[in-house]
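show me how the following folds:
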Amino acid sequence: MLMNREAFSAQTVYFGFDRSEVHPDDSPKVSAVADALSQAPQNKILIEGHCDERGTEEYNRALGERRALSVRDRLVELGVSGDRIRTMSLGEDRPADPGFTEDAFQANRRGEFVLLTPKPGN
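Prediction:
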C-alpha cells in the first residue's frame with residue numbers, strides 16, 4: 001500500500017509550553033498514523049520533536065526528544081512495533097513559524113511525522 005507523504009506529515013501533534021505529553025485532542029492524529037502504518041508494514045516512521053525558541057539550546061534539545069518519545073510511546077501503545085519508529089530532536093532549529101508571538105511559539109511546539117519508505121530491493 002502506498003502512503004501519501006503529505007497527508008501523513010499533516011498529522012502534526014502540538015504540545016503545551018514546557019510539556020511533552022500528547023494532549024487528548026491530538027490522540028486521533030496519532031491513531032490515524034498508527035492505522036496507516038498497520039496497513040503498510042514495510043514502512044517506518046521518524047518522529048521529529050520541535051520546540052519554540054524560549055529556553056536554552058540544550059534544554060530545548062532534551063525537551064524535543066521527550067516530545068518525540070512521548071509520541072513514539074503512544075504509537076507503541078496502539079500496536080506499532082517500536083523497531084519501526086525512530087525519534088529525533090530538532091529543538092528550536094526548524095521553526096514552523098519564525099515569528100515572536102504566542103501563536104508562533106505554539107506552532108513551533110510540535111511533533112512531526114516523516115514517512116520512511118524502504119529502498120527498492122529491500
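
can you give me the helices for this structure?
5-9, 27-39, 57-77, 102-108 (DSSP state H).

averaged pLDDT, the first one. What do you get?
When you say that, I think you mean helix 5-9. In this model, helix 5-9 carries a mean pLDDT of 63.

same question for the last one.
For helix 102-108, the mean per-residue pLDDT is 97.

who touches it?
By C-beta atoms under 8 Å, 6 or more residues apart in numbering, the surrounding residues in contact with helix 102-108 are 14, 17, 50-54, 92, 95-98. From N, CA and C alone the C-beta is placed, and that goes for glycine too.

figure out which of the helices of the chain is closest to L115.
Minimum separation from L115 across these (C-beta to C-beta) falls at helix 5-9, 4.8 Å.

return the distance of stretch 112-121 from the chain's centre.
Relative to its chain's centre, stretch 112-121 lies at 15 Å (C-alpha atoms, centre = their mean, to the nearest Å).

give me the mean pLDDT for it.
Averaged across stretch 112-121, the pLDDT comes to 80.

buried deepest among the helices of the chain, which one?
Neighbour counts (mean count of other C-beta atoms under 10 Å) averaged over each of the helices of the chain peak at helix 57-77, with a mean of 19.
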